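S.K.: would you be able to build a 3D model of this:
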Amino acid sequence: MSKEKNQAEQIRQISGVNPLRCMKCGKCSATCPAFEEMDIKPHQFVSYVQNENIEALVESRSLWKCLSCFACVERCPRDVKPGKLIDAARQLVIRQRGQNYLKADDIPELLDPELPQQLLVSAFRRYRR
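M.R.: Below you'll find the model as predicted:
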């Protein structure tokens with residue numbers, strides 16, 4: 001299995017998304033608040049995963065410009081969830097660079113009385129995969 005094919009499969013596994021369901025309607029990109037700052041738009045991101053062109057995704061600004069607001073997820077008529085694919089690609093990059101992702105044992109030392117509890121739950125869900 002090629003490196004790109006393996007990475008595309010990892011992105012699909014982490015995200016739990018089937019990019020083949022995408023019908024290229026562009027509704028995800030039309031609703032994206034970061035659209036103007038992205039070099040690869042959400043609907044294009046799905047195509048890159050389908051075509052296993054992962055290196056281009058890793059090098060793109062879009063990977064880090066995505067706000068993770070999941071407006072694209074809500075708007076998709078086919079339940080493709082481009083935001084989850086983008087988040088999974090971020091996880092892949094972070095893991096390849098050897099950085100640690102959040103573990104439950106790491107949370108107590110990060111607690112701050114001013115920090116919203118919802119933020120902690122959200123961060124734990126995102127970075128424990």
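S.K.: relative to the centre of this protein, find the outermost residue for me.
M.R.: For the chain, the residue at maximal distance from the C-alpha centroid (Cα atoms, centre = their mean) is Pro113, at 28.8 Å.
S.K.: so, low pLDDT: which residues of the protein?
M.R.: By pLDDT under 70, the weakly predicted segments of the chain are 1, 99-104, 106-107, 110-111, 115, 119-120, 123-129.
S.K.: start to end distance for stretch 68-79?
M.R.: From its first residue to its last, stretch 68-79 covers 16 Å (Cα to Cα, to the nearest Å).
S.K.: for that stretch, buried residues please.
M.R.: In terms of neighbour count (16 or more other Cβ atoms under 10 Å), stretch 68-79 has its buried residues at Phe70, Ala71, Cys72, Val73, Arg75, Cys76. In short, each C-beta sits where N, CA and C put it, glycine included.
S.K.: ranges for the helices of the chain?
M.R.: 3-15, 27-31, 42-50, 54-59, 62-65, 71-75, 82-96, 117-127 (DSSP state H).
S.K.: save the buried residues of stretch 68-79 as CSV, and put in distance to Phe35 too.
M.R.: Written out in CSV, the entries for these read as follows (distance: Cβ to Cβ, whole Å):
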residue, distance to Phe35
Phe70, 14
Ala71, 10
Cys72, 10
Val73, 15
Arg75, 12
Cys76, 15
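S.K.: for the residue nearest in space to the middle of the chain, which non-adjacent residue is closest in space?
M.R.: Among the residues of the chain, the smallest C-alpha distance to the mean C-alpha position (Cα atoms, centre = their mean) belongs to Asp87, namely 1.6 Å. With Cβ to Cβ, 6 or more residues apart in numbering as the criterion, Asp87 has its nearest non-adjacent residue at 6.1 Å, and that residue is Ser68.
S.K.: just checking, that neighbour touches Ala88?
M.R.: No - the pair formed by Ser68 and Ala88 falls short of the contact definition of Cβ atoms under 8 Å, at 11.4 Å.
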